[in-house]
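In: need a 3D model of the sequence below.
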Amino acid sequence: MSFLSLSAIRPFVCALAIGLAACQQVAAAETQGMLETLHRHKFLSSTITDNGDENPYAVVVVPHDMGTLKQNDVLVDNFNNISNLQGTGTSIVRYRPGTGNTRLFAQLPQHLAECPGGVGLSTAMAILNSGWIIVGSTPSSDGTTATKGDGCLLVFDASGKLVETWADKNINDPWGNISWHEQGNQATLFISMAGFGLPGPDVLDPATHLPVIKHQATVLRLDLNILNGKPPTIAKETVIGEHYAQRADRDNFLFGPTGTALGNDDTLYVTDGLENAIYAIDHASTRTGAQDTGRMLTQNGLLAWPLAMVITPQNHLIVLNGKNGQAVEVDASNGQQIYAHWLNADQAQSPPGNGDLFGAALTPDGKGLYYVEDDINALAIGVTK
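Out: Predicted coordinates for the structure are as follows:
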């Protein structure tokens, strides 16, 4: 069962009390967040590539012209191949809002010696002002975690050419959306790692008869140097969060920490789907070690397996649910769950939209939301009008 907040039912109560016209004026004055203002949703483009890759995951917006990319282009990667095996997608597509044109931006071979286990592009993607795109690989050979590799982080230039591959003991299945900030020739990335100690989906807990839950997922901070137009290099790696819940799943590949969002006060917010919670890690850019999972910001309520997450100019978190097609808005300052909004209400799933959402990004003006719909392999947008 999904629940609607007071914000969600306010329009109906208002209309009954004072009439529709007056209610609309009140609603305009009392809008508490961004999701309430999204009145129109549009299909933008299929994300399936010529080689048949599908299951779109990551979404990022290009900050300015660079290489073959134009300002406000949208990049989306694919997690599955033409056989619909998870952890085998190798392609990134570019959508251009001005023309509606979508084309292939980058494609890798399935087997890449530098990346343990090969290539399966995940929700982990960042695009730096300096023109480098960093993408996570969470690979598998049979579509399950039984054959998963440790994966890697892949660095592309702004024309889609692979220039670097990062793999080491701290990188194990980069899974969730990347948060980052930049200053001069330095950048800091925050990425969840969900593969440590993760068995296959046939390893069951005798008590629950479900795949075994481990609490070994982490959040890794990468401090990067970017000098003289050369690809970024890792200056330092720090695990700043640990003990997040993770488990294998045949339908969803794995459950693990997926969403990250960095606040202006240097608090990093992290979603933990199995715990149905959002945690907050203080002093994320400067801390020298892990704050365990961080402090609990909010749990349950409107959340239903929270996945990718973005932060708005209002300091609100927009969190996409995995168990239904709703996005949830949360006030990051106090954890209040403000509003639940349907992005995908596909009745073919139960609950509607179950398993259809994953990556998301704010539009450049901060007033709209790009998101992917896995059920139709598409990029979509929610806008105010």
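
In: okay, CA-based contacts and neighbour counts for the rest of this
Out: Noted.

In: show me this protein divided up by domain.
Out: Domain assignment for the chain, taken from automatic domain parsing, gives 1-30, 35-383.

In: turn these into a markdown table, columns for mean neighbour count and mean pLDDT.
Out: Formatted as a markdown table, those follow (neighbours: other C-alpha atoms under 10 Å; pLDDT from 0 to 100):
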| stretch | mean neighbour count | mean pLDDT |
| --- | --- | --- |
| domain 1-30 | 13 | 42 |
| domain 35-383 | 21 | 97 |
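
In: check which helices and strands the lengthiest strand in the chain sits against.
Out: Longest strand of the chain, by residue count under DSSP state E: strand 233-249. In terms of contacts (3 or more C-alpha pairs under 8 Å, 6 or more residues apart in numbering; DSSP states H and E), strand 233-249 is packed against strand 214-225, strand 253-255, strand 257-262.

In: that one pairs with which strands, parallel or anti?
Out: Sheet pairing of strand 233-249 (DSSP bridges) gives strand 214-225 (antiparallel), strand 253-255 (antiparallel).

In: now for the helices and strands packed on strand 233-249, which one comes closest to Ile171?
Out: strand 214-225 (8.1 Å; C-alpha to C-alpha).

In: pull the residues that contact the closest one.
Out: By C-alpha atoms under 8 Å, 6 or more residues apart in numbering, the residues outside strand 214-225 that reach it are 170, 185-198, 232-247, 256-257, 285.

In: ok, Gly87 - contacts?
Out: When contacts are counted by C-alpha under 8 Å, 6+ apart, Gly87 touches 79-80, 119-122, 137-141, 143-144, 148, 253.

In: from Leu210, how far off is it?
Out: Between Gly87 and Leu210 the computed distance is 21 Å (C-alpha to C-alpha, to the nearest Å).

In: then Gly355?
Out: Distance from Gly355 to Leu210, by C-alpha to C-alpha: 18 Å.

In: how about Thr286?
Out: Separation of Thr286 from Leu210 (C-alpha to C-alpha) stands at 38 Å.

In: same question, Ala126
Out: In terms of C-alpha to C-alpha, Ala126 sits 33 Å off from Leu210.

In: next: Met34.
Out: Relative to Leu210, and taking C-alpha to C-alpha, Met34 is found at 37 Å.

In: again with Phe253
Out: Going from Phe253 to Leu210 by C-alpha to C-alpha gives 14 Å.

In: Asp223 too?
Out: 37 Å.

In: so who does Asn300 touch?
Out: Going by C-alpha under 8 Å, 6+ apart, Asn300 touches Asn276, Ala277.

In: give me that answer again for 6 Å
Out: With contact taken as C-alpha atoms under 6 Å, 6 or more residues apart in numbering, Asn300 is in contact with Asn276.

In: and Gln32, what pLDDT?
Out: Here the pLDDT value assigned to Gln32 is 82.

In: first-to-last residue distance for stretch 89-104?
Out: Terminal residues of stretch 89-104 are spaced 13 Å apart (C-alpha to C-alpha).

In: pairing partners for Ala378 in the sheet, please.
Out: With DSSP bridges as the rule, Ala378 is bridged to Ser46, Glu373.

In: where's it relative to Gln326, distance?
Out: 17 Å.

In: try His181
Out: With C-alpha to C-alpha as the criterion, His181 and Gln326 are 28 Å apart.

In: what does Ile171 give?
Out: 31 Å.

In: all strands for the stretch 201-350 of the chain, in order.
Out: 214-225, 233-249, 253-255, 257-262, 268-272, 277-281, 295-299, 306-311, 316-321, 326-331, 337-342 (DSSP state E, counting those that start in this stretch).

In: how about those in JSON lines, adding distance to Asp205?
Out: JSON lines is the format used below for these (distance: least, C-alpha to C-alpha, whole Å):
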{"stretch": "strand 214-225", "distance to Asp205": "11"}
{"stretch": "strand 233-249", "distance to Asp205": "11"}
{"stretch": "strand 253-255", "distance to Asp205": "15"}
{"stretch": "strand 257-262", "distance to Asp205": "20"}
{"stretch": "strand 268-272", "distance to Asp205": "20"}
{"stretch": "strand 277-281", "distance to Asp205": "22"}
{"stretch": "strand 295-299", "distance to Asp205": "24"}
{"stretch": "strand 306-311", "distance to Asp205": "23"}
{"stretch": "strand 316-321", "distance to Asp205": "25"}
{"stretch": "strand 326-331", "distance to Asp205": "30"}
{"stretch": "strand 337-342", "distance to Asp205": "33"}
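
In: nearest to Val62, of those?
Out: Ranking these by proximity to Val62 (C-alpha to C-alpha) places strand 306-311 first, at 15.6 Å.

In: which helix or which strand is home to the residue nearest to Val76 when sequence neighbours are not counted?
Out: If the residues on either side of it in the chain are set aside, Val76 comes closest to Val59, at 4.8 Å by C-alpha to C-alpha, 6 or more residues apart in numbering. Using DSSP states H and E, Val59 sits within strand 54-61.

In: paired strands for that strand, with orientation please.
Out: Strand pairing (DSSP bridges) places strand 54-61 next to strand 74-80 (antiparallel).

In: quick one: contacts of the strand it pairs with?
Out: Contacts of strand 74-80 (C-alpha under 6 Å, 6+ apart): 53-61, 86-89, 91-95, 120-122.

In: then stretch 150-165?
Out: 66-68, 105-106, 115-117, 131-139, 166-167, 172-173.
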